[in-house]
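**Q** Structure, please.
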Amino acid sequence: MELGRVALGVVGKLTDFRHTNSTGLTVTFNGGRLRQADGSYLTFQGGSVTVPDNVTSEIMLDLFDNKLHALPRSLHRVAVYIATVTASSGIISKVTQPPSFAIPTSRIPKFKAALKRDNRKVRVALLGDSLTQGAGGTPRWPDLLFNSSQSAAGFNVQNVANITVDNYAVGGQTAHYGMVQMGVGAQNAVGKYANTNITYGPRYVNMYIDSLNLGNIKESDTRLLQYDLAIINFGANGGTYHLGYFENIVRELRSRGVEVIIGTSNYQSNNLTFLYSDGPILSRIAEAYGCEVADTWSYVREAQYNGKTVHADTIHMSADGHIAWASALRAVINDISQSGESFYQANQSRIVTTDAADTSGKFPNLAEVVFKPSSHNGTITGNGGSGNKTFNPALQFGGKTSTDCTTQLATGQYAWFGHANALCMDVLYEMATTFTADIYTNNGGTKVGTISSATTAPGRVALVEAFSLNTMPGGLGGNKPGYVNQAFQIVVTSGSMNLVGVVFYTWNKKEILFEEMNFIGTWAKDTGFYSPASGRYTDTDGDSVFFEFEGTGCQVLLNNRDAAGKIDVWLDGVQVQTGLDLYNTGKYYYSLNLFPLASSDIFNRGYGKHTVRIKLNGINAAAVAPAAQNRRLALFAAYAFDGR
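**A** Presented below is the predicted three-dimensional model:
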């Protein structure tokens with residue numbers, strides 16, 4: 001039973017909160033009082049609670065309504081654990097109580113403190129699916145908590161007028177979409193070269209930005225805006241399959257100092273165990289990253305046990321269901337004085353165990369979204385009704401407007417997208433039409449997948465999964481670290497598609513700037529085949545480049561065509577490549593992948609400061625005669641990864 005750490009005073013009398021009697025399925029407890037962090041006392045006058053038959057219930061004292069709740073489990077951390085009660089055949093068969101009682105610490109202390117300040121503006125982000133959106137009956141739980149027009153219901157948080165709530169939730173989506181909402185805009189520096197790319201974004205400055213028309217692509221608002229609190233609920237559309245992505249969202253928010261409440265969604269009206277097994281994993285994530293858990297699942301179940309009709313349809317909440325959600329969350333965002341729980345976020349192994357293919361050592365932690373195709377034969381247009389940037393990543397951080405945020409593809413039309421270091425891939429589209437589309441690599445010569453959508457919801461930007469880690473097609477640049485440098489052609493085969501962008505999941509990265517490198521010898525700017533000029537090159541044997549990076553590994557993009565020579569490579573002073581021949585009859589970017597633990601296929605460990613040296617060492621094996629054009633080393637980009 002995980003009840004969280006406790007920090008506040010035990011009861012003053014041995015009779016406080018003790019079970020006194022049971023009648024049928026109703027169990028009664030004495031009153032008591034508990035000391036709060038500010039020295040005042042929370043007083044409970046005593047009371048009874050009715051439990052469901054033939055199950056075990058956890059009796060918790062809610063810190064907002066100061067009442068006893070009979071919950072099916074004890075994941076709801078911000079409550080005082082009173083007893084475990086077992087009922088059988090209409091009577092209470094067993095009551096177990098702890099030796100003492102205490103108010104748990106708070107994992108959202110800064111947010112709670114901010115709420116109490118009259119002039120403090122507070123920002124809240126909601127991330128999730130339709131349950132977080134508030135679909136179903138009315139009033140919705142977000143309004144019960146944060147909309148002053150619903151204050152009469154009794155759930156409004158303190159100083160509600162000071163709160164700005166951005167609800168990013170989109171119906172039908174999984175935690176994949178949540179990663180997009182925590183993502184970064186990206187763009188390809190040049191057209192595809194034999195399916196390979198240079199990818200750049202708002203933080204990349206090696207490229208000649210003006211000539212590439214970088215525009216206004218940036219990081220998403222959930223990364224740029226300093227939210228005080230994020231409430232996250234995903235699961236209804238994916239369950240445990242997507243919890244690795246869910247963990248990434250939590251990791252990113254917590255690394256930025258955002259306090260987090262994790263909700264546990266709710267079950268279906270025809271499946272009373274739906275999402276139940278997600279709860280313990282969500283609790284482990286909360287423990288690891290210092291988050292609160294609002295066990296909405298259990299509060300909804302309690303409401304149903306108490307005779308409430310909680311569903312408006314199979315999954316969405318009725319008015320009573322929304323009240324149950326609001327009750328669970330308000331219990332966490334309570335008004336009492338709690339000690340804050342100290343938390344240090346170590347760079348640790350992942351909590352969620354991924355399947356054999358999606359191994360944690362190759363799991364992505366960043367979504368980079370390419371909104372502008374490198375080429376297409378469709379029509380650039382708007383997208384019906386998704387003019388709210390909260391619900392449209394292209395408007396929010398893709399540098400697009402309501403008139404150019406969609407590439408409209410009719411049957412037979414195509415669009416090209418690519419990325420330099422993608423581990424897996426999804427596609428964003430506006431749900432105005434139904435479609436089927438094939439995905440090709442190898443300059444359109446090899447079909448590698450099919451995507452489709454048979455549901456319409458004009459104005460909604462949605463995501464369809466294309467390739468996971470175990471299905472991502474390999475690229476010419478090599479894919480041992482798990483990522484590929486690859487271009488993809490999307491061809492609509494039926495219907496029409498309003499394409500918004502392509503999501504490439506990768507690792508957090510920092511571009512290694514040319515100014516941070518030591519070029520030894522006669523290097524110059526590249527002005528040749530890889531236009532516009534965006535690299536450095538040398539044709540002199542023995543010339544080298546040396547740089548340091550901090551991370552778990554790095555990728556260096558080099559030339560790979562008929563003028564390329566041979567190179568030697570050192571990582572941390574150890575030679576790892578001798579006479580590596582970069583020659584190719586075509587032209588594409590060669591992906592030199594350097595990871596300290598690559599020999600063990602480990603790519604998320606080995607974080608630290610590392611050194612790289614690359615030296616030009618002779619003409620390529622295909623050269624017919626020694627010539628400068630057969631011994632070139634050109635460097636176009638380098639990325640340091642943090643794959644933890």
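**Q** Tell me which helix or strand in this structure has the weakest average pLDDT.
**A** When the helices and strands of the chain are scored by mean pLDDT, DSSP states H and E, helix 209-212 comes last with a mean of 42.
**Q** immediately after that one, which helix or strand?
**A** helix 221-224 (DSSP states H and E).
**Q** neighbouring contacts of that following helix?
**A** Contacts made with helix 221-224 from outside it, assessed by CB atoms under 8 Å, 6 or more residues apart in numbering, are listed as 125, 127, 166, 168, 181-184, 218, 230, 252-253, 256, 389-390, 396-397. No exception for glycine: its C-beta is placed from N, CA and C like everyone else's.
**Q** Which residue ranges of the stretch 151-300 of the chain form strands?
**A** With strands called from DSSP state E, counting those that start in this stretch, the stretch 151-300 of the chain shows them at 163-167, 184-188, 199-200, 229-233, 259-263, 292-294.
**Q** out of those strands, nearest to P596?
**A** Relative to P596, the nearest member of the strands of the stretch 151-300 of the chain by CB to CB is strand 199-200, separated by 23.2 Å.
**Q** helices and strands around the closest one, which ones?
**A** Counting contacts by 3 or more CB pairs under 8 Å, 6 or more residues apart in numbering; DSSP states H and E, the secondary-structure elements packed against strand 199-200 are strand 184-188, strand 414-422.
**Q** could those go into TSV alongside mean pLDDT and distance to I82?
**A** Rendered in TSV, the data for the helices and strands packed on strand 199-200 read as follows (pLDDT from 0 to 100; distance: least, CB to CB, whole Å):
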stretch	mean pLDDT	distance to I82
strand 184-188	85	46
strand 414-422	92	51
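**Q** of these, which approaches L329 most closely?
**A** The stretch from the helices and strands packed on strand 199-200 with the least distance to L329 (CB to CB) is strand 184-188; that distance is 29.5 Å.
**Q** can you state the direction angle for the closest one and strand 414-422?
**A** Taking axes from the mean of the first three to the mean of the last three CA atoms, to 10 degrees, one finds that strand 184-188 is oriented at 110 degrees with respect to strand 414-422.
**Q** And strand 184-188, what's buried?
**A** Taking 16 or more other CB atoms under 10 Å as the basis for neighbour counts, the residues of strand 184-188 that come out buried are V184, G185, A186, Q187, N188.
**Q** Please apply the same query to stretch 126-134.
**A** L126, L127, G128, D129, S130, L131, T132, Q133, G134.
**Q** Bridged to the second one, which residues?
**A** Pointing back at L127 there. In this structure, L127 has beta-bridge partners I232, where bridges are defined by DSSP bridges.
**Q** Tell me who's in contact with it.
**A** Contacts here follow CB under 8 Å, 6+ apart; on that basis L127 touches Y168, A169, G178, Q181, T222, A230, I231, I232, N233, F234, I249.
**Q** Just the closest of the residues you listed to A70, please.
**A** N233 (22.8 Å).
**Q** That closest one against L131, yeah?
**A** Yes. A contact is recorded between N233 and L131 when judged using CB atoms under 8 Å, the distance being 5.6 Å.
**Q** Are there residues contacting both of these two? Which ones?
**A** In the contact map built from CB under 8 Å, 6+ apart, the residues linked to both N233 and L131 are A169, S265.
**Q** related to what we said a few turns ago, which of the contacts of helix 221-224 are buried?
**A** When burial is judged by neighbour count using 16+ other CB under 10 Å, the buried members of these are 125, 127, 166, 168, 181-184, 218, 230, 252-253, 389-390, 396-397.
**Q** Now do the longest strand along the chain, average pLDDT.
**A** With residue count as the measure and DSSP state E as the assignment, the chain has strand 484-495 as its longest strand. Averaging pLDDT along strand 484-495 yields 93.
**Q** do stretch 41-59 as well
**A** 95.
**Q** export that stretch as CSV, just CAs?
**A** Extracted C-alpha coordinates of stretch 41-59, given in CSV (Å, rounded to 0.1, in the frame of the first residue of the first chain):
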residue,chain,number,x,y,z
TYR,A,41,-5.3,21.7,13.4
LEU,A,42,-7.5,19.9,11.0
THR,A,43,-10.4,18.6,13.0
PHE,A,44,-12.6,15.7,12.0
GLN,A,45,-15.8,15.4,14.1
GLY,A,46,-16.2,11.7,13.4
GLY,A,47,-18.5,9.9,11.1
SER,A,48,-19.7,6.9,9.1
VAL,A,49,-19.2,5.6,5.6
THR,A,50,-20.9,2.9,3.7
VAL,A,51,-18.8,0.4,1.8
PRO,A,52,-19.7,-1.8,-1.1
ASP,A,53,-20.3,-5.5,-0.4
ASN,A,54,-17.9,-8.3,-1.1
VAL,A,55,-14.9,-6.1,-1.8
THR,A,56,-12.1,-4.5,0.3
SER,A,57,-12.2,-0.7,0.6
GLU,A,58,-9.6,1.8,1.7
ILE,A,59,-11.2,4.4,4.0
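**Q** hmm, who's touching that stretch?
**A** Contacts made with stretch 41-59 from outside it, assessed by CB under 8 Å, 6+ apart, are listed as 1, 17, 25-36, 61, 63, 66-74, 81-90, 92, 103, 305-306, 336.
**Q** one more time with 7 Å
**A** Stretch 41-59 has contacts (CB atoms under 7 Å, 6 or more residues apart in numbering) with 25-36, 61, 66-74, 81-88, 90, 103, 305, 336.
**Q** What's the PyMOL line that selects buried ones from those?
**A** Isolation of the buried members of the contacts of stretch 41-59 (16+ other CB under 10 Å) is achieved in PyMOL through the command below:
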select buried, resi 25+27+29+30+32+33+34+35+36+61+68+69+70+71+72+73+74+81+82+83+84+85+87+103+305+336
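**Q** which ones among the contacts of stretch 41-59 are found in strands?
**A** Among those, the ones falling in strands (DSSP E) are 26-29, 32-35, 61, 68-71, 81-88.
**Q** All good on my end, thank you.
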